[in-house]
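**Q** Only the shape, not the letters, is given here:
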């Protein structure tokens with residue numbers, strides 16, 4: 001009987017540890033999703049900035065070409 005009570009207590013403790021670990025994993029997962037969302041937004045901002053730089057560069061090339069033709 002004592003062995004059964006000891007085993008039950010051990011199983012209960014293991015279940016509590018598993019629950020705690022799952023809670024920590026859920027928090028880490030949520031944080032990871034937030035970081036990924038921020039990273040995705042930053043990459044979109046970077047891509048937009050690069051497009052603007054490219055467009056401006058093309059305009060500068062046109063201006064330089066016009067000046068050279070004068």
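**A** Yep, it's here. Quick caveat: nothing in here was measured; it's all calculated off a predicted structure.

**Q** The helix or strand containing residue 23: how far from the chain's middle?
**A** For residue 23, the host element (DSSP states H and E) is helix 2-69. Relative to its chain's centre, helix 2-69 lies at 0 Å (Cα atoms, centre = their mean, to the nearest Å).

**Q** for this protein, which spans come out with low pLDDT?
**A** 2, 4 (pLDDT under 70).

**Q** Try it again at 90.
**A** 1-10, 14, 70 (pLDDT under 90).

**Q** Let's check: the centremost residue of the chain is which one?
**A** Closest residue to the average C-alpha location of the chain: residue 36 at 1.5 Å, with Cα atoms, centre = their mean.

**Q** And that residue, how far from residue 42?
**A** Per Cβ to Cβ, to the nearest Å, residue 36 is found 11 Å from residue 42. All C-beta atoms are positioned from the backbone trio N, CA, C, and that covers glycine.

**Q** can you check residue 64 too?
**A** From residue 64 to residue 42 the distance is 32 Å (Cβ to Cβ).

**Q** What's the local residue count around residue 20?
**A** 10 (other Cβ atoms under 10 Å).

**Q** sorry, back to before: how much space between the residue nearest to the centre of the chain and residue 26?
**A** On the measure of Cβ to Cβ, residue 36 and residue 26 end up 16 Å apart.

**Q** Kindly report the same for residue 64.
**A** Distance from residue 64 to residue 26, by Cβ to Cβ: 57 Å.

**Q** So what's the residue count around residue 58?
**A** Residue 58: 10 neighbours (other Cβ under 10 Å).

**Q** Could you do the one 10 residues further on as well?
**A** Applying other Cβ under 10 Å, we find 7 other residues in the vicinity of residue 68.

**Q** And it, how close does it get to residue 62?
**A** Separation of residue 68 from residue 62 (Cβ to Cβ): 11 Å.

**Q** repeat for residue 17
**A** In terms of Cβ to Cβ, residue 17 sits 67 Å off from residue 62.

**Q** Same question for residue 56.
**A** 11 Å.

**Q** ok, residue 65 - contacts?
**A** The contact partners of residue 65, by Cβ atoms under 8 Å, 6 or more residues apart in numbering, come to none.
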